[in-house]
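> how does the following fold in three dimensions:
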Amino acid sequence: MNPSSTALYKTIKLRPCKYCDILQPIRAKHCIDCGRCVRKFDHHCPWLATCVGERNHRYFWLFLLIKLITISWTLYYEWNSFKPDALWGQWFKINTLYVISMIVLFLGVFCVSSLLICHTYLMMQGLTTWEYMAHSKITYLKDFTYNPFDKGYLCNCLMFLCYCRSVKWESKLPQSPVNEDDEDEVGYFENMPPADSEKWV
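Here you go, the predicted model:
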């Protein structure tokens, strides 16, 4: 094998997954709950009982957006359903269920809007939740003082929302020359399954 034709970048090694028996590309992570390696792993969502990654992150963001719009519309409708009364005690007795419902809806708006804001920020930065939370521990990020996948707010958003094909993230890292003395620090991906393999989620 000719290292110059298959090597990635200096000091970037592909990690072997002991569960799937493959070499993980960068930005991939094994999910124990799903039992598979997930490309561009973001997090495992207990709401959806699945992982959020490269193929469905945009749909998760849209799910949060639609959920926020739905809860906000319900909150508005609930607010206009209160029945007026001159006496406070009588008003509360008539509208008790509405008050309880409003409290639940306010909590829902807070939780969903917080998640939406968080993932919108990550989308604009070109990051995932896992990369944001564990930046200093991830092998392909810890040596960078900046995000090597950041292409600017507009390009990041367009790629997140509109680009549906799997991305070879290794090619997005800044290139570094490989010397003969560094060959042991170079990662190879000839054993990596194709993007549409059943080993990926």
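
> contacts and neighbour counts: CA atoms only from here.
Fine.

> so what secondary structure elements neighbour the host helix or strand of Tyr59?
Counting by DSSP states H and E, the element that carries Tyr59 is helix 57-79. Packing contacts for helix 57-79, counted by 3 or more C-alpha pairs under 8 Å, 6 or more residues apart in numbering; DSSP states H and E, involve helix 96-125, helix 153-162.

> which outside residues touch that helix?
Applying C-alpha atoms under 8 Å, 6 or more residues apart in numbering, the external contacts of helix 57-79 come out as 42, 52, 98, 101-102, 105-106, 108-109, 112-113, 115-116, 119-120, 160-161.

> before we move on, the earlier item: mind putting the helices and strands packed on helix 57-79 in JSON lines, mean neighbour count and distance to Gln90 included?
As requested, the helices and strands packed on helix 57-79 are arranged in JSON lines below (neighbours: other C-alpha atoms under 10 Å; distance: least, C-alpha to C-alpha, whole Å):
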{"stretch": "helix 96-125", "mean neighbour count": "16", "distance to Gln90": "10"}
{"stretch": "helix 153-162", "mean neighbour count": "15", "distance to Gln90": "50"}
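
> dump those helices into TSV; add mean pLDDT and distance to Trp73 as well.
Output for these, formatted as TSV (pLDDT from 0 to 100; distance: least, C-alpha to C-alpha, whole Å):
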stretch	mean pLDDT	distance to Trp73
helix 96-125	94	10
helix 153-162	93	25
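
> make CSV out of these and add distance to Ile138.
Below are those laid out as CSV (distance: least, C-alpha to C-alpha, whole Å):
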stretch, distance to Ile138
helix 96-125, 17
helix 153-162, 21
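
> quick check: Glu131 vs Lys67, distance?
For Glu131, the distance to Lys67 equals 25 Å [C-alpha to C-alpha, to the nearest Å].

> so which of these two has more stuff around it?
Taking other C-alpha atoms under 10 Å, Glu131 and Lys67 do not tie; Glu131 has more neighbours (21 against 17).

> then the more buried one would be within a helix, right?
Yes. Assessed by DSSP: H, G, I helix; E, B strand; the rest coil, Glu131 belongs to a helix.

> confidence score at it?
Glu131 carries a pLDDT score of 93 in this model.

> neighbours around the residue nearest to it when sequence neighbours are not counted, how many?
Of all residues not flanking Glu131 in the chain, Ile138 sits nearest, at 7.3 Å (C-alpha to C-alpha, 6 or more residues apart in numbering). When counting by other C-alpha under 10 Å, one arrives at 15 neighbours for Ile138.

> wait, Ile138 sits on Trp130?
No. Ile138 is beyond contact range of Trp130, at 9.1 Å (criterion: C-alpha atoms under 8 Å).
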